[in-house]
Each structure stands twice: as C-alpha cells, then as structure tokens.
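In: For reference, the sequence and a predicted model appear below.
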There are 4 protein chains.
Amino acid sequence: MGEKRSDTKEKILEAALRLFSKKGFRETTIKDIAKEVGITEGAIYRHFNSKDEIIHDLLISITNELKEAIVKSMEKGGNEEEIFKNIIEALIDYAFNKPESYRFLNLYHLLKEYPQVIHLPGEQILKFLNNLYAKKKLKTYPEVALAVITGSVERIFIFKERNFLKHDTQLIKRELISTLKDALIG
Amino acid sequence: MGEKRSDTKEKILEAALRLFSKKGFRETTIKDIAKEVGITEGAIYRHFNSKDEIIHDLLISITNELKEAIVKSMEKGGNEEEIFKNIIEALIDYAFNKPESYRFLNLYHLLKEYPQVIHLPGEQILKFLNNLYAKKKLKTYPEVALAVITGSVERIFIFKERNFLKHDTQLIKRELISTLKDALIG
Amino acid sequence: MGEKRSDTKEKILEAALRLFSKKGFRETTIKDIAKEVGITEGAIYRHFNSKDEIIHDLLISITNELKEAIVKSMEKGGNEEEIFKNIIEALIDYAFNKPESYRFLNLYHLLKEYPQVIHLPGEQILKFLNNLYAKKKLKTYPEVALAVITGSVERIFIFKERNFLKHDTQLIKRELISTLKDALIG
Amino acid sequence: MGEKRSDTKEKILEAALRLFSKKGFRETTIKDIAKEVGITEGAIYRHFNSKDEIIHDLLISITNELKEAIVKSMEKGGNEEEIFKNIIEALIDYAFNKPESYRFLNLYHLLKEYPQVIHLPGEQILKFLNNLYAKKKLKTYPEVALAVITGSVERIFIFKERNFLKHDTQLIKRELISTLKDALIG
DNA sequence: GATGAATGAGATTTCATTCAT
DNA sequence: TATGAATGAAATCTCATTCAT
C-alpha cells in the first residue's frame, strides 16, 4: 500500500519529466500529466500541492543526481588530467543517458530565475577548476573554462538530439573530451 | 503614412522582443505587449494576425541579422585563422550587443514549441569549418567544433547575464577567442 | 462497541462544530474535520452519509439544547418578572458558555443555505411573551420584544468575541438583564 | 463609451449584491453573477480582478452609504432624544429600504474577519452614545446600548424578512424607536 | 487605425464522495 | 471500521482573439 502510493507519485514525476522536457512547462498541463499516468487531474493533487511543486521536486532530484554523478567522477581519482576528463565524461554520459533530465535542467535554468537555494552542479566543477588555475595548470580563467565545458556538452547534446551529428556517440564523446582537454589543460 | 504604420509595427516588435526575452513566450501576453507599446490589445491585431506571427517575424529578422553579422565577419577577410577569430568575435559581439535578440533565439530553439523551419546561423559557420577540416586545419570534426564554439559563447553570455563573470567583457572576449582558437585550429 | 462507535461519532460532531463555527460551512472541508478528529476522510462516511448530515445533526442537537436551557430557565419559577430575567440569563449563559454552538446557530440561520424546517428556540420565549402581552405586562408587541431580546444578546456576544466590551462578563450580563427588563416589562 | 463601461461594472455590482445577499459568498459563483448580468465569466474580469475584489468594493460602498445615512440623521439636529430617535430611524430605514445591502453587511461581518481598515457605521453611533453617557443621560454603558440598538434592528429586519411580523412596517418602526428610547434614554 | 468590452476555450485547483484494500 | 487513492464536477481565473464603435 505504501508501495502503491509512492508508485503513483513516482509515475507522476516520470510522466511530468517526460512531458516538461518534450513540450516545456507551460505547454504541459496537469491534464496531460494525468492522462499520461492514467489517472484524473484531481488525483495529481493527492500527491502534489501544485504544478510548481512537481517542477520543484524534479529540479531538486535531478540537480542532486547530476551533482552526485560529477562528484563520483571526481572521486574516481587519478591525476588532475584524468579527473578533468572524468568530469567531462560524466557530464556527457549524464546528458546522453538521461536526456530528459538533462533537457529539463537546461530548460529550467533558461526559463526560471535561479532560486538561490539550489546549488548548481557547476559549482563542484568550478572548485576543481579554481584549484587547477591556482596551480597554473589551466589555460584560461576558471569561469571561462566552465563555460566552454558546460556549453560544449550542451550543444553536443542538442546537435545529437536534432541529428546534426552523424558520427557514433562514443566517438563524439572521446573527441569532445580530448578537444576540451587540449584546449583547457596544460 | 507608410512611415507611421511601420513605426507602430516596429514598436510592437521591439516591445515583444523585450518581453519575450525577459519572461518567455507564454508568460508574455498580448496585453503586456500592448501596454509596453502604449496601445491597446485590439490595435496589435491591425499589424499582426496572431501572437505566433509576432514570434515568427521576430525569429526571421533576428536569424537574418545574426546570419548577416556572421557573413560580414567572414567577408572581412584575412587568413583562415583570422576569419575564425572574426566569426567568434561576431558571435560574442552579437550576444553582448543584442542580448534580447540573442536570448530570444536561444529560448526559441530550446523550447521546440514552434516549428524549426528556419536555417540557422550556424550553417554559415559550418561551411567554413568543413572547409578548414578538408584542409586538415581543424583539430576535430566540424560539428564538434561548431558545438564547442556556439555552446561556449552561449554559456559565456549566460554567465555574464547572471553576474558569474567578474572580469571585464573585453578581456573575457579576448580570452574566449584565443582559447577557442588554440583548441580548434592548427 | 456501541460505546466506541458513538465515541468517534461524537468526536466528529465536536470537531465539526468547532470548525464550522470558526471558519464557516463551506470553508470547512471533510478533510479538515477528519484531521481534527485524527482519522481519515473515508472514516467520516462510516458515521455520516454526507457533510450536510453532519450539519443537520449539529443543528438539531444545538437547537434542542438551547430550547431545553430556555425551558428549564422558565421552569425555575418565580413571578413573571423573575422568569423574564431567567430567560435572558439563560440566553446569555448559553451564548457565553457554548460560544461555538451559539455561533453555529447564528451562522446557520443567517446563511439560509439550508432549509429552515427547525422550530427555533425563540418560539418558547414567544409563548411566554404572548402571555405577558395578554396580561398587559409587556410594553410592546411580543414579536418586537423577542427581537430586542434575541438581537441584543447576539450583539453582546459578538462584541464580547471581538473584544469591544471592556467590562467584566458578569457585569455586562446583569446590565443587559436589567436594561431589557426595564425596557420591556411593566 | 465611458457610460457603457461603468454601466456593466455597476450591473455586476448590483447582481453580485443581489446574489451574495440571497445565497452567500461561497454559494454565489462568478458564473452566477455573469449569467445574472447577461455576460460571460471572463467579462467579469475586465472589471474586477477577483471575486474578493467585488466583495470588497461592495463592502466599502455599502459601509459608506450606511455611515452617511447615520451621519445625516445625526445632523438633522434637535435635542439629544430626537437625535437618538433619528439614528434608530435611519438604521431601520436603511435596513428596510436597502435590504440587500443591509443583509450583505450582516453576512460579511458574521463570516469574515474585520479588516481593521474599515470604519464601521457603529462607530459613529458609539461616539454619540459616549457623549450621552458622560452627561448621565444614558441608562446603561454605551457599548451595551449600541448592542441593544443594532441587535434589535437586525432582528426586526430578519423577522420581517421571514414574515414573523404581522404588523405594518411603519407601526413596527415607531414601536421599536419608542421602546429603545424608553429603554436607554433618560 | 485604435479602443476596450466581450467571448470562449482552457488551465489550475478544490473537494465531497466512492471504493478497493 | 478505517485508510487514502481516485473520481468527477465545479470553481476561479487567464488570455488570444473578435467585434462594435
């Protein structure tokens, strides 16, 4: 019974993520979500107080998930160059393995003001880059490096989604990692 | 009279761009736009058949403007390295000088709300990169290079808008240009 | 077991009375009542067929309680003047000792939301006043006297609830009783 | 055109007053009001921002109207006894001539918390009673007197509405005025 | 061209009531 | 008896678009 409850709640979150990332926040209605789950609109409100709460819950869990992925990639160890490559790999993997979550995040941050409560995944990376910079191992400012990294990954993701990239995903990944490493490290 | 007409029409487009880029498409109402211009809702429909038409008109003119800026930057001449740098400079300048237009474009393309029939400014750049690649002067695939370039510029723009970048704009611009050049050319 | 059943039923009625009198009928939800009792919505329907039934049950029992209080006060005996004073005292005491019940009654009858099939407590008083009037001991029509009595008590109650009355409750009570007696009897 | 605008707004207020006073606030829907006026729900919102705003606007205008009636009755002059009688007459006349407004006021104050902004009509009367009391011309405390006056008028009004009073309105009015005068003044 | 009232469709949210467990 | 998820109807409010003036 406890199962059932979290089951529906989970289904709502999954459906909402799918729809938000496909159609946007405003364009996705509570009715859409309900229909996708196979319940009625009213039932949504047993599990969430508002549409905004659904969005916020998704934001929190996705942000944490991505942060964790980054932290985990940094903890895999190796020298700084390897850690750098691991981070980028983690970003790409997250984008490609959880495209809806990744898309949701980009959408949210483009559309909504940052609530200062949320710690962004980028913060983790920035700390590492600051450290590299202090050691003179970064070719540019940490913030610029962060922009290049996260911006490149996002665009690669979008290009892939739109079928602008003919090459194999693994190939693209290796290519991007090595390009960014050469561009920023050394 | 023709003057006057296009005057109001122009004002509507400007107001709409300002509001769309600040609040989003759905969040901006026809009434908002009318108020910003200083006319009433009904008057908007003298100049446009629908809200979507306003959006579409903006998309066309902004896309063309950016494409032109890129083309012009490529026509400035010089060797390939200089052209490469000119293109990136043109992108950054466009983003920083016409932030609303640049934001509009990003918003539009991320939302996928509207059909994407438009030829993107990136196509111009891609041709140039393809050419470089054929001459073995590009360190990675043209599509990857395009992703790195456009993604980096977008992120720098977002960081600047959110005050994540402390450094002077000109400094950042030079930094990004040289970083991307070293990363991709040679 | 019969005990237990009427126990929960009683708790529901008490909680409902508390909430209805504080927030109004429509503003109080079944969920509110259930929460106040410490059960869930569905459980309410084991004891009552509908929200209206709860309201109706409360109306009946409160009306009877007040009627009884009035009848009892009239049966205490004494001369007519004493009975008159006893009735008013009973009304005031009921209002001050059972404010939620008294408020419920006023709310119910003012709203006219529900059918008013109930015999009002005032009827008891009216009989007594009719009798006084026949004996030429009432200074005005019985209906007017009833209006003055019940209206005054209600307003005193409201003023007290809203802290418009600085004086001690007992003092106010004596004051109102003697004022009404002088005004109506003799 | 300005005519038309205030025309509809006025019609909405009239319809709303009629319905609120007959059915209560929650029981009256925006759709009810719109239907009564002969427009659609959406049209209401060109004239008012919310249902609450309609209620608030009505509260303000009715409160002012009643206050004015009281003030005007006090300014008619005469000795204190005459002023006292004039006030009560003004109250009764207001209740009987504007039953919907009077009912609205009672309903509002029973259901809603007092917003401290609103100055109640009773305040005007209380000042006068305080003055009488200081001169030893009032038989009881001013607050008690106010409760008796306003409570009696309200009940007379309710009795009349429910056909509990057989006598002629004018007779009742004279009767109540003289009863209250004898009860409170001297 | 311009106004602004009105429409009509749809979105979010609420809640009494039902029902499977 | 009790739970709480789900329904379904209705309420408030929004807004692109139309239309009489």
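Out: Ah, there it is. Numbering: from 1, shown residues only, chains lettered A, B, ... in the order given.
In: from here on, contacts and neighbour counts on C-alpha atoms
Out: Will do.
In: contact partners of the worst-scoring helix or strand of chain A on mean pLDDT?
Out: Lowest on mean pLDDT, DSSP states H and E among the helices and strands of chain A sits helix A:2-23, with a mean of 85. Helix A:2-23 has contacts (C-alpha atoms under 8 Å, 6 or more residues apart in numbering or on different chains) with A:27-28, A:32-34, A:36-37, A:44, A:47, A:54, A:58, A:100-101, A:103-104, A:107, B:111-113.
In: Check stretch A:97-109 too.
Out: Contacts of stretch A:97-109 (C-alpha under 8 Å, 6+ apart): A:17-18, A:20-22, A:24, A:59, A:62-63, A:94-95, B:110-111.
In: Tell me the one among those residues nearest to residue B:138.
Out: Residue B:138 lies nearest to residue A:95 out of those, by C-alpha to C-alpha, at 25.6 Å.
In: What about that closest one, how many residues nearby?
Out: Neighbour count for residue A:95, taken as other C-alpha atoms under 10 Å in any protein chain shown: 20.
In: Secondary structure element for it, which one?
Out: Residue A:95 is part of helix A:80-97 when elements are defined by DSSP states H and E.
In: Alpha carbons of the helix or strand following that helix, as CSV, please.
Out: Toward the C-terminus, helix A:80-97 is succeeded by helix A:99-111 as the next helix or strand (DSSP H and E). C-alpha atoms of helix A:99-111 as CSV (Å, rounded to 0.1, in the frame of the first residue of the first chain):
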residue,chain,number,x,y,z
PRO,A,99,18.3,13.1,-21.9
GLU,A,100,15.0,14.1,-20.4
SER,A,101,16.6,15.1,-17.1
TYR,A,102,19.4,17.0,-18.8
ARG,A,103,17.0,18.8,-21.0
PHE,A,104,14.7,19.6,-18.1
LEU,A,105,17.7,21.2,-16.3
ASN,A,106,18.7,23.4,-19.3
LEU,A,107,15.1,24.4,-19.8
TYR,A,108,14.5,25.3,-16.2
HIS,A,109,17.6,27.4,-15.9
LEU,A,110,16.9,29.2,-19.2
LEU,A,111,13.3,30.0,-18.2
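In: tell me which residues of helix A:99-111 are tucked away?
Out: By neighbour count on 16 or more other C-alpha atoms under 10 Å in any protein chain shown, the buried set for helix A:99-111 is A:99, A:100, A:101, A:102, A:103, A:104, A:105, A:107, A:108, A:110, A:111.
In: now swap in stretch A:121-128 and tell me
Out: In stretch A:121-128, counting by 16+ other C-alpha under 10 Å, buried: A:121, A:124, A:125, A:126, A:128.
In: how about stretch A:10-17: buried residues?
Out: For stretch A:10-17, by 16+ other C-alpha under 10 Å, it's A:11, A:12, A:13, A:14, A:15, A:16, A:17.
In: Pipe those into CSV and attach distance to residue A:90 per row.
Out: Listed next are the buried residues of stretch A:10-17 as CSV, based on distance: C-alpha to C-alpha, whole Å:
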residue, distance to residue A:90
A:11, 26
A:12, 27
A:13, 24
A:14, 22
A:15, 25
A:16, 25
A:17, 21
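In: Kind regards, and thank you for your time.
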